[in-house]
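Colleague: here's a sequence, model it:
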Amino acid sequence: MALKRRQKISPSFSMSSMTDLIFLLLIFFMITSTMVSPNAIKVLLPQGSEQTSAKPMVRVIIDKNLNYYGAFGNDDEMPLSLDEVPSFLQECASKEPDMYVALYADESIPYREIVRVLNIANENHYKMVLATRRPDKE
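Modeller: Numbering: from 1, shown residues only. This next block holds a predicted model:
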């Protein structure tokens with residue numbers, strides 16, 4: 001009795017492994033693309049609710065007339081020029097290395113003035129916070 005084996009090859013192709021591979025590649029590229037950071041200024045945006053910081057904070061204020069002011073902790077604001085801002089921030093950083101710099105800028109000033117201060121903070125690796133006002137409760 002001679003038994004013959006079937007040597008027939010199935011013409012169908014299973015795509016399930018291919019779709020798994022595509023989803024894995026998609027997830028991989030989505031995760032790695034969020035890790036790549038362009039040369040941008042790092043800014044910590046504040047929340048609208050009231051929060052207190054235990055660390056001393058440095059305040060840099062730009063009013064609508066483009067006058068600069070600076071203050072450390074609870075000190076009163078003192079007038080500064082744009083050229084004095086880096087030395088003021090370095091002096092504050094020597095007092096408190098883990099300081100946060102809060103930038104209070106009037107809404108009517110040109111955006112380039114804000115970017116100048118942000119660039120100073122970015123070049124010196126200071127943590128910067130843009131101060132905003134709380135939304136009015138209705």
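Colleague: helix/strand/coil for residue 107?
Modeller: coil (DSSP: H, G, I helix; E, B strand; the rest coil).
Colleague: surely residue 68 touches residue 77?
Modeller: No. The criterion here is Cβ atoms under 8 Å, and residue 68 misses it with residue 77 at 9.6 Å. (C-beta placed from N, C-alpha, C; glycine too.)
Colleague: where do the contact lists of these two overlap?
Modeller: Listed as contacting both residue 68 and residue 77 by Cβ atoms under 8 Å, 6 or more residues apart in numbering are residue 61.
Colleague: neighbour count winner among those two?
Modeller: Set side by side, residue 68 and residue 77 show more neighbours around residue 68, with 21 against 14, by other Cβ atoms under 10 Å.
Colleague: phi, psi for that one please.
Modeller: Main-chain dihedrals, residue 68, degrees, to the nearest 10: phi -100, psi 140.
Colleague: distance of it from residue 78?
Modeller: Using Cβ to Cβ, to the nearest Å, we find residue 68 at a distance of 10 Å from residue 78.
Colleague: what do these two both touch?
Modeller: Common contacts of residue 68 and residue 78 (Cβ under 8 Å, 6+ apart): none found.
Colleague: tell me where this structure is predicted with low confidence.
Modeller: Along the chain, segments meeting pLDDT under 70 span 1-2, 6, 34-56, 132-138.
Colleague: please enumerate the strands of it.
Modeller: 57-62, 68-72, 78-80, 100-105, 127-130 (DSSP state E).
Colleague: determine which stretch of these is the most buried.
Modeller: Most buried of the strands of the chain, by mean neighbour count (mean count of other Cβ atoms under 10 Å): strand 57-62, with a mean of 21.
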